[in-house]
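1. Based on what follows, work out the 3D shape:
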Amino acid sequence: MSLTIRLRHAALAATLLVPVASAHAQERDPDAFRFSGALATGRTVHLHNINGNIEVERSGGNQVEIRAEKRWRRGDPDDVRVVQLAGRNGDVIVCALWNDAECNEDGIRSRRNTTWNNRNDVSVHFTVRVPDGVHVTLKTVNGGVTAEGLTGTVMANTVNGSITARSTGGPVHAKTVNGSIRATMGALGSDDLRYETVNGGITLELPADANADLDLSTVNGGVSTDFPVTVQGTISRKRLRGSVGDGGRLLKASTVNGGISLKRGN
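-> You can find the predicted model right below:
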């Protein structure tokens, strides 16, 4: 399936949901969901949301700490529940579920072929702290994703919101539709890296010794890089194909309305 088709599907899904209400007139649930527990290095925290932001930062200890707060203006918070599930191999899964939805490591799905209640504007705001060496998978639809100071792999996805993710380890993967992407990583890992948006720029800060094959493209914007690049094909301001270092894994970034910038880290 092409990028255009996938993004159209994501955008269509987003129209079935209400936007996150402005903070200024919101009620807040005094009984916010809380989870705390030890998690071994190499395990993953999976967070799945529909309406609301996700904020993650590094924990100084070995405990994962998750807080999920409901916010609303006219909706019914009882229609939304936050659940914690045990994942495979000791992973942690926490989901915000509207109505009859259910979830697993892969995400949220509804058991009925119905649209979301467009009168229920409840959002769920996640704040999370994770230990060193723990990976995170962060998914929402109407909301931004922020992950700061982490050391493991970051997988971040939203539709209406920007993504900012920094890992001194890495790698970082990110996709959105309406929002910018800013990713900083200390290692690229062994798998391909993909960054996609429609309305927003993409800024990637890579380690100075990065090795990757590049495929960078924009429609209304430009491509720039701090790295020396061995170029393949025609040189264009809007499209760059080539390699940095010794090449290897594919690093693909694409946007429609925005620029793409590769920054050289330490």
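
2. helix, strand or coil for D78?
-> Classification of D78 by DSSP: H, G, I helix; E, B strand; the rest coil places it in helix.

3. Distance check, it against R182.
-> D78 is 36 Å from R182, where distance means CB to CB, to the nearest Å. Backbone N, C-alpha and C define where each C-beta goes, glycine included.

4. Can you pull the phi/psi pair for the most far-flung residue of the chain relative to its centre?
-> Taking CA atoms, centre = their mean, the residue of the chain most remote from its mean C-alpha position is T234, at 32.3 Å. The phi and psi torsions at T234 (degrees, to the nearest 10) take the values phi -80, psi 140.

5. Let me know whether A212 touches K252 as I believe.
-> No. A212 is beyond contact range of K252, at 9.6 Å (criterion: CB atoms under 8 Å).

6. Now do the contacts for T44.
-> Residues near T44 by CB atoms under 8 Å, 6 or more residues apart in numbering: 87, 91-92, 134-137, 153.

7. Can you report how many residues neighbour G152?
-> 24 (other CB atoms under 10 Å).

8. ok so it is a strand residue?
-> No. Counting by three-state DSSP, G152 is not part of a strand but coil.

9. Report how many residues lie close to the closest residue to it other than its chain neighbours.
-> Nearest residue to G152, sequence neighbours excluded (CB to CB, 6 or more residues apart in numbering): H135, at 4.1 Å. Residues near H135, counting by other CB under 10 Å, number 21.

10. swap in N53?
-> 20.

11. For it, list the residues it contacts.
-> 20, 123, 125-126, 140, 143-146, 161.

12. Would you check which pair of those lies furthest apart?
-> Maximum pairwise distance among those (CB to CB): 15.4 Å, between S123 and T146.

13. Quick one: the strands in the stretch 51-200 of the chain, in order.
-> 54-58, 63-72, 80-86, 92-98, 102-104, 107-109, 123-130, 135-139, 145-150, 154-157, 163-167, 172-175, 181-185, 193-196 (DSSP state E, counting those that start in this stretch).

14. follow-up on the earlier one: arrange the contacts of N53 in JSON lines, one row each, with pLDDT as further columns.
-> Shown next, in JSON lines, are the contacts of N53 (pLDDT from 0 to 100):
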{"residue": "V20", "pLDDT": "46"}
{"residue": "S123", "pLDDT": "94"}
{"residue": "H125", "pLDDT": "97"}
{"residue": "F126", "pLDDT": "98"}
{"residue": "T140", "pLDDT": "97"}
{"residue": "G143", "pLDDT": "97"}
{"residue": "G144", "pLDDT": "98"}
{"residue": "V145", "pLDDT": "98"}
{"residue": "T146", "pLDDT": "98"}
{"residue": "G161", "pLDDT": "98"}
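
15. Of those residues, which is the nearest to V64?
-> Distances from V64 to the contacts of N53, taken by CB to CB, are shortest for F126, at 12.1 Å.

16. excluding its backbone neighbours, what's nearest N53?
-> N53's closest residue in space is G143 (CB to CB, 6+ apart), at 4.3 Å.

17. and that neighbour, backbone torsions?
-> Dihedral angles for G143 - degrees, to the nearest 10 - are phi 160, psi 160.

18. Contact partners for it?
-> Counting by CB under 8 Å, 6+ apart, G143 has contacts 20, 49, 51-54, 123, 158, 160-161.

19. and these as TSV, adding distance to S243?
-> Shown next, in TSV, are those (distance: CB to CB, whole Å):
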residue	distance to S243
V20	40
N49	37
N51	41
G52	39
N53	36
I54	34
S123	43
T158	30
N160	34
G161	32
